[in-house]
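Asks: What follows is a protein structure lacking sequence information:
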Ligand code: NAD
Ligand code: TYD
């Protein structure tokens, strides 16, 4: 059995769904169900006896300790986080609480449990911390892609809080010997992506006849990875990663934001054309830039391929087409998550 945290969110729910697609090892899924957590993502597991959902906070060390002693997982995979850069600009405190203080309490609970394990179980135990490429800061146009050895230079409250959590994870290995693995991944996209992030927001707004908001000049570059490829990389690192080590995960898909949105519009024009025959591109609207907006992220995932033989299965072209199709096929999911709290956020962020 494994314990996952934050797996009612975008990547975690995809991870648990993929997990049961390839094995039946039980999963305890601990999630606080913030605005980003959604049990509907896990609806297909409702009758799966191997999946147990627990509502709770990673910062509740007593609860985490109880779950660990009761269920005796062989590994903990930590997805739980506040994850949206724009929200971290409007209100950083939740990011400090969950990403830093929460990770600290989680590590303390895991350390206490791990210390009490018999020798063989102690040796086999793993903690995998899921992190982001944003901890490395921003690249200039011609800089080489981020390697595991790059300096940490986080620029937003989100990336700073993730950087702090990575440092705690590292320190728990060096100081206490906790068997940790850290992964730093590029931007994900795919099913169950909350529609406040660029790709699902633009699909949703396009179909609703609303503006597609592009920050600044739209030439900021992100390195996109289909979420199921991220999940397979995490499984691979969990199986074969070297203790205390860091693995960068990326899709070798650097794209400027405006190009991403153009591609989305072209696929939508083909799969769900507008009634007036015009392209969805006419809805593109340039808006004020994000404060402190990082210009470019790019991941060098060579280490993961060389040492653990992992490569992404999807190209951007295949992954983005699957994603658009998923959103077209799952409009009721989108309608359910774009409820009151979502509308408040969109009003605050784009209203003016
Ligand atoms: P998300 O915001 O969609 O989901 C986060 C989940 O964590 C939600 O289900 C939420 O309810 C839960 N959560 C939040 N605070 C919690 C707490 N205190 N205790 C328990 N659960 C809590 O995020 P995501 O996009 O799925 O990201 C998952 C992880 O992957 C994060 O750690 C993020 O930093 C990292 N990551 C994300 C991306 C990306 O492109 N989305 C890329 C690289 C790394
Ligand atoms: P986002 O999906 O928020 O991910 P991140 O900030 O973690 O990279 O944003 C992806 C890129 O898209 C980022 O450069 C900001 C930009 N963006 C827009 O141009 N308009 C938007 O409405 C949003 C949400 C993001």
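Replies: That came in fine, so what should we check first? Remember, it's a predicted structure, so these values are computed and weren't measured experimentally. Ligands and ions are numbered 1, 2, ... in the order given.

Asks: Looking at per-residue confidence, what score does the residue in the stretch 201-350 of the chain that ligand 1 sits nearest to get?
Replies: Closest contact between the stretch 201-350 of the chain and ligand 1, by CB to the nearest ligand atom, is at residue 230 (7.2 Å). Using the backbone N, CA and C atoms, a C-beta is placed for each residue, glycine as well. Residue 230 carries a pLDDT value of 98.

Asks: and if you look at the one 5 residues further on?
Replies: Among the per-residue scores, residue 235 shows a pLDDT of 98.

Asks: Provide a list of residues in contact with it.
Replies: Residue 235 makes contact with 18, 19, 22, according to CB atoms under 8 Å, 6 or more residues apart in numbering.

Asks: that older thread, please spell out which residues along the strand or helix carrying the residue of the stretch 201-350 of the chain closest to ligand 1 are buried.
Replies: Per DSSP states H and E, residue 230 falls inside helix 227-240. Buried residues in helix 227-240, defined by neighbour count with 16 or more other CB atoms under 10 Å: 227, 228, 229, 230, 231, 232, 233, 234, 235, 236, 237, 238.

Asks: Kindly report the same for stretch 65-73.
Replies: For stretch 65-73, the neighbour count (16+ other CB under 10 Å) marks 65, 67, 68, 73 as buried.

Asks: how far out from the middle of the chain is it?
Replies: 25 Å (CA atoms, centre = their mean, to the nearest Å).

Asks: now stretch 217-227
Replies: The chain centroid and the centroid of stretch 217-227 are separated by 14 Å, computed with CA atoms, centre = their mean.

Asks: Can you measure across it, start residue to end residue?
Replies: Stretch 217-227 has an end-to-end distance of 27 Å (criterion: CA to CA, to the nearest Å).

Asks: host element of residue 314?
Replies: Short version, using DSSP H and E: residue 314 is in no helix or strand.

Asks: So it sits against residue 230, correct?
Replies: No - contact criterion CB atoms under 8 Å: residue 314 and residue 230 do not qualify, at 10.5 Å.

Asks: Give me the phi and psi for residue 256.
Replies: When read as degrees, to the nearest 10, the backbone of residue 256 gives phi -70, psi 150.

Asks: need the helices for the stretch 101-250 of the chain, in chain order.
Replies: In the stretch 101-250 of the chain, the helices defined using DSSP state H, counting those that start in this stretch lie at 103-115, 119-124, 157-176, 198-207, 227-240.
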